[in-house]
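[1] sequence and predicted structure are below.
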Amino acid sequence: MDILHYVWFFLLKLLISQSLMENAKKQAELDKKFMQLAINEAEKALKEEEVPIGAVIVCGERVIGRGHNLVETLCDATAHAEMQCITAAASTLGGKYLKDCTLYVTVEPCIMCAGALAWSQIDRVVYGADDPKRGFTTVEGRIFHPKTVVDRGVMREECEALMKNFFKGLR
């Protein structure tokens, strides 16, 4: 009886492990798909001679908000990609809270955008490139809502290349 118990436990553990791996693989594929859409938004900003940062907000695998930097176009220091995206998503949902939603953004959000995301109670934030000068990680303490999950480094090289090429062109 004991050996059957151990075999059953082992098989159950193996099935759970495989299921978790399949879910992680599916999530990684979705993350790349939606980060590519954020990169597409960043390329729109680049065409408008804006800092090439783009964002999309997804709810249930459906894009409900898009945005890219419009700081220069609007002469507005708060017109970051994330802010545009939050506004569009909230409008789509008809409310200010973005529970069960994920933000995909090409560069680590600044402290202003992180604060807005905290107020929106977004479930998950996924970003590509780190921003060691102005990103939210430069500030100590909890910034996001306590339940918000943050993942970084999705399509990092592509996101970093957009930024490096933009600033290289300015010099």
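    Structure's in. What do you need?
[2] I figured Glu41 hits His68, correct?
    Yes - between Glu41 and His68 there is a contact at 4.2 Å, judged by CB atoms under 8 Å. Glycine gets a C-beta too; all of them are placed from N, C-alpha and C.
[3] those two: which is more packed in?
    Legend: neighbour count by other CB atoms under 10 Å for Glu41 and His68, higher for His68 (28 against 24).
[4] about what we covered before: overlap in contacts, Glu41 and His68.
    With contacts taken as CB atoms under 8 Å, 6 or more residues apart in numbering, Glu41 and His68 have 54-55, 81 as neighbours in common.
[5] please flag which of those sit within strands.
    When the shared contacts of Glu41 and His68 are checked against strands (DSSP state E), the matches are 54-55.
[6] could you dump the shared contacts of Glu41 and His68 to a markdown table with distance to Arg156, neighbour count and pLDDT?
    Compiled in a markdown table, the shared contacts of Glu41 and His68 are given as follows (distance: CB to CB, whole Å; neighbours: other CB atoms under 10 Å; pLDDT from 0 to 100):
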| residue | distance to Arg156 | neighbour count | pLDDT |
| --- | --- | --- | --- |
| Gly54 | 15 | 31 | 98 |
| Ala55 | 16 | 32 | 98 |
| Ala81 | 17 | 31 | 98 |
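[7] and which of the shared contacts of Glu41 and His68 is nearest Leu98?
    Ala55 (12.2 Å; CB to CB).
[8] who is the closest one paired with across the strands?
    Gly67, Val105 (DSSP bridges).
[9] I'd like to know how far it sits from Cys101.
    Taking CB to CB, to the nearest Å as the measure, Ala55 falls 12 Å from Cys101.
[10] distance check, the closest residue to Glu72 other than its chain neighbours against Leu103.
    Nearest non-adjacent residue to Glu72, counting by CB to CB, 6 or more residues apart in numbering: Glu50, 5.4 Å away. In this view, Glu50 and Leu103 are 19 Å apart by CB to CB.
[11] can you list the neighbours in contact with the strand or helix carrying Asn165?
    Assigned by DSSP states H and E, Asn165 belongs to helix 156-170. For helix 156-170, the surrounding residues in contact (CB under 8 Å, 6+ apart) are 35, 39, 42-43, 46, 51-53, 106-107, 127-130.
[12] pLDDT score for Trp141?
    Actually, residue 141 is Gly. It isn't Trp. With respect to pLDDT, Gly141 has a value of 85.
[13] one step back: Glu50 and Leu103: who's more crowded?
    Leu103 (30 against 21).
[14] surely the more buried one and Gly128 touch.
    No - taking contacts as CB under 8 Å, Leu103 lies outside contact range of Gly128: 11.8 Å.
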